[in-house]
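> model the following, please.
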Amino acid sequence: MTEMITLYSDLARTNMTEIQEYFANRKDKLVSRFRYFRTGKRIDSNRKEHMIFENFDPGRPDALMKLVEKPEGREFTFYHKATLDGMVNRTESFTRNRDPAKPVALHKVIETFEGHQNRLTYRSITFEPIEPNTDAPPMKQQIDHPRKMTEKFERNPEVPADKDIAKRTFFTGSRPPRIHLIFHYGPGRITSSTRTYITEKNLSGDEFSVQVRTEQLAPGRG
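Numbering: from 1, shown residues only. Below is the predicted model:
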């Protein structure tokens, strides 16, 4: 650490609102950290920050540029040209029961990309809500059992528009599960093609039948 600045909301310096920390030559490439506290609170070294901003120089293996942590979630910003998949941003939203002592659970994850090899530009994952008066399940269990996942893709000029997927949504939490596809608009078209796959287990429980539905989608829908 090369410098630390503490800010207060009063002249008596009893209500701490912000701590600024600056670093040099750290292995994790951290160069600055800004810690924000709710106003009206007395100085307490054990008090949890309300918000944390961290900034990093280039050179980390994960290409992290900025990290913002709040009680309701975290936001990661990357040097996207240094990432393997071109990820620009990742936002994690949390949810919890009313008891602040209970662990948080993932509510939604949103990721944006630039220059992805599959033309992926957006991905979101929504998780099951926490039941009242229950603890959040383990994080791995939440990640393995999402309720819905959506992916968006930029136009591929080498593929016909009505076969080029613009948006793909997996409704894994619905019964029966569905996969909904929306294709790009063709030249001069005011509607786009869609396709829905519905899967259902048969009575033996080890095979799936697939139903396919297609329709034309007008702008602004989906």
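
> need the residues that contact stretch 76-96.
58, 62-67, 71-75, 102-117, 120, 129-130, 136 (CB atoms under 8 Å, 6 or more residues apart in numbering). (Glycine included, C-beta is placed from N, CA and C.)

> residue boundaries of the helices in the protein?
Taking DSSP state H as the criterion, the chain contains helices spanning 139-144.

> all strands for it, in order.
In the chain, the segments counted as strands under DSSP state E are 3-8, 16-22, 30-36, 51-56, 64-70, 73-78, 87-95, 105-113, 120-127, 146-153, 165-171, 178-183, 192-201, 208-217.

> what's the angle between the first one and strand 30-36?
For strand 3-8 against strand 30-36, the angle by axes from the mean of the first three to the mean of the last three CA atoms, to 10 degrees is 10 degrees.

> which elements pack onto strand 3-8?
Packed against strand 3-8, as judged by 3 or more CB pairs under 8 Å, 6 or more residues apart in numbering; DSSP states H and E, are the following elements: strand 16-22.

> contact partners of the strand it packs on?
Under the criterion CB under 8 Å, 6+ apart, external residues in contact with strand 16-22 comprise 1-9, 31-37, 39, 41, 43.

> buried subset of those residues as a PyMOL selection?
The buried residues among the contacts of strand 16-22 can be selected in PyMOL (16 or more other CB atoms under 10 Å) with this line:
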select buried, resi 31+32+33+34+35+36+37
